[in-house]
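Visitor: using only what follows, build the 3D model:
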Amino acid sequence: MRNRSKTNWYSFLSRCCLGRNRNRLMPQGFSIERVLLIVFIIVLVISIVLPSIPQRPNRHAYAVKQMGQLKSIDTALELFKMELGYYPPSDALDENERPYCGAMKLCEAAMGRDLMGVHPSSQFRQDGKDDSGNPLYDSKTVAVRKGPYLPIENANAYHLKDLYKDVGSFDGNDYVICDVYKPIVNITTGKKIGMPVLYYKANTSKTAHDVNDPDNPENIYDYKDNHTLLALGVPDKPGQKHPLFENPKIFYEMTRDHSTAEVSRPNRADTYILLSAGWDGLYGTQDDVANFEMRWKPK
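Guide: Model prediction:
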C-alpha cells in the first residue's frame, strides 16, 4: 500500500512538472535545427575569442617538470659511475688549462661529446682527445662508447653557440644540457630553449662550506666550476648579469644544508650538485631549482 502511494505521488509530480509545463520549457518554433545552429555559433565564438586571451603559464608545473629532468640526470650520472667507477669532474678547465666547465663535462658524461655516448677513456678534455693525442669521439670509437645515459630525443642538449652569440673563450660547438624552461631562443633554429644545467662535483677531501669566503681552498664545492659560463651573461638580455656571477657567496648560501645549524655544510656533500636557473633564466635567484630541497631565500 505504501509503495503504491509513492508511485502515485511521483506520477503526480511528473504530470505537473513535465506534462503541463513541457511547452513552456522550449518556446514555440524552436526546432532542433535552430538549437544546433545556436550551439554552433557559441562554439565558433569561443574558438575565436579564447586564443586571444593571455594564458598564464603554470610555474609550479614547470618546477615539477624540472625536478623530473634533474632526477633523470641523477640516474644518468649514477649509471656513469656504475660503469666507470667515478663521478665526472666539474673543474672549470681541462688538464691543459683550456676552458671546459662543469656544464659541458656533465653533458659529455651523460651523452658524449657528439651525443653518441661517452668514451670510457675520456679525460674530459676540451679537444676530445686522450693523453696521446688520439681522438676519442669519431665514428671508429662508437662501438666502445658507454651510453648515452639520457635519451637524445628529450635530453635538451644544444651547442653553446645555439644559446650565446658570443661564447667567449669556449668552443661554441661544445654541448650543454639545457633545463626545461624556455627563456631564450635558439639562435640557429628560432626554437625556445632553456639555460644550461650547471654541474658541481664535491671534492670529498675537503671539509668546509664557507658562506663568507667563496675562495676558501677547503670548500667542498668550488663555485668557479661554472663561473666562466655565467660570465657570458643572459643570452636575450645583453648587459644583464647573473646574481650568482656577481656574488659567488650566493652559491654557498643557496647550497647550504639548513638542517644543520651548528656547522655550515653543503647539501649532497659527498656527490654533486645540479642547478637550473629556473623560471627567470637567472642563476642565483629564489626560483632556481636544484637536485635537493632548497631552503635558501634571498636576503
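Visitor: quick check: next helix or strand after the helix or strand His227 falls within?
Guide: For His227, the host element (DSSP states H and E) is helix 227-230. Downstream of helix 227-230, the next assigned helix or strand under DSSP H and E is helix 243-246.
Visitor: so which elements touch the longest helix seen in the chain?
Guide: The longest helix of the chain (DSSP state H) is helix 59-84. Where contact means 3 or more CB pairs under 8 Å, 6 or more residues apart in numbering; DSSP states H and E, helix 59-84 is packed against helix 102-111, strand 272-276, strand 289-290. For the C-beta atoms, the positions are set from N, CA and C on the backbone; glycine is no exception.
Visitor: redo that, cut-off 6 Å
Guide: When contacts are defined as 3 or more CB pairs under 6 Å, 6 or more residues apart in numbering; DSSP states H and E, helix 59-84 sits against strand 272-276.
Visitor: what angle separates the strand it packs on from helix 102-111?
Guide: On the basis of axes from the mean of the first three to the mean of the last three CA atoms, to 10 degrees, strand 272-276 is oriented at 110 degrees to helix 102-111.
Visitor: what number of residues lie near Asp222?
Guide: For Asp222, the neighbour count with other CB atoms under 10 Å is 23.
Visitor: i'd like the first residue to be 727 from this point on
Guide: Will do, 727 is the new start, and the previous item becomes Asp948.
Visitor: ok, now how distant is it from Lys831?
Guide: Relative to Lys831, Asp948 is positioned 13 Å away (CB to CB, to the nearest Å).
Visitor: low-scoring stretches of the protein, by residue?
Guide: The model of the chain has pLDDT under 70 over residues 727-756, 758-763, 765-766, 769-783.
Visitor: the helices in the stretch 877-1025 of the chain, which residues?
Guide: For the stretch 877-1025 of the chain, the helices defined by DSSP state H, counting those that start in this stretch occupy 886-889, 953-956, 969-972, 975-980.
Visitor: which residues touch the first one?
Guide: Around helix 886-889, the neighbours that count as contacts under CB atoms under 6 Å, 6 or more residues apart in numbering are 893, 896, 898, 900, 912-914, 961.
Visitor: ok, the second one next?
Guide: Taking contacts as CB under 6 Å, 6+ apart, the residues outside helix 953-956 that touch it are 818, 825, 827, 829, 968, 970-971.
Visitor: quick one: contacts for the residue most central in space within the chain?
Guide: Centroid-nearest residue in the chain: Asp905, 2.8 Å away (criterion: CA atoms, centre = their mean). The neighbours of Asp905, taking CB under 6 Å, 6+ apart as the test, are 792, 920-921, 923, 1002.
Visitor: let's go with 8 Å and repeat that
Guide: By CB atoms under 8 Å, 6 or more residues apart in numbering, the contact set of Asp905 is 792, 795, 882, 920-923, 1002-1004, 1015.
Visitor: and if you look at Asp900?
Guide: Counting by CB under 8 Å, 6+ apart, Asp900 touches 826, 830, 833, 839, 852, 885-886.
Visitor: what's the PyMOL syntax to select whichever of those are buried?
Guide: Per 16 or more other CB atoms under 10 Å, the buried members of the contacts of Asp900 correspond to this PyMOL selection:
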select buried, resi 826+830+833+839+852+885+886
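Visitor: reformat the contacts of Asp900 into a markdown table and put distance to Thr981 next to each item.
Guide: Putting these into a markdown table (distance: CB to CB, whole Å) gives the following:
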| residue | distance to Thr981 |
| --- | --- |
| Tyr826 | 22 |
| Met830 | 20 |
| Cys833 | 21 |
| Arg839 | 28 |
| Gln852 | 26 |
| His885 | 28 |
| Leu886 | 24 |
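Visitor: and which of the contacts of Asp900 is nearest Ser865?
Guide: Nearest to Ser865 among those: Arg839, at 13.1 Å, using CB to CB.
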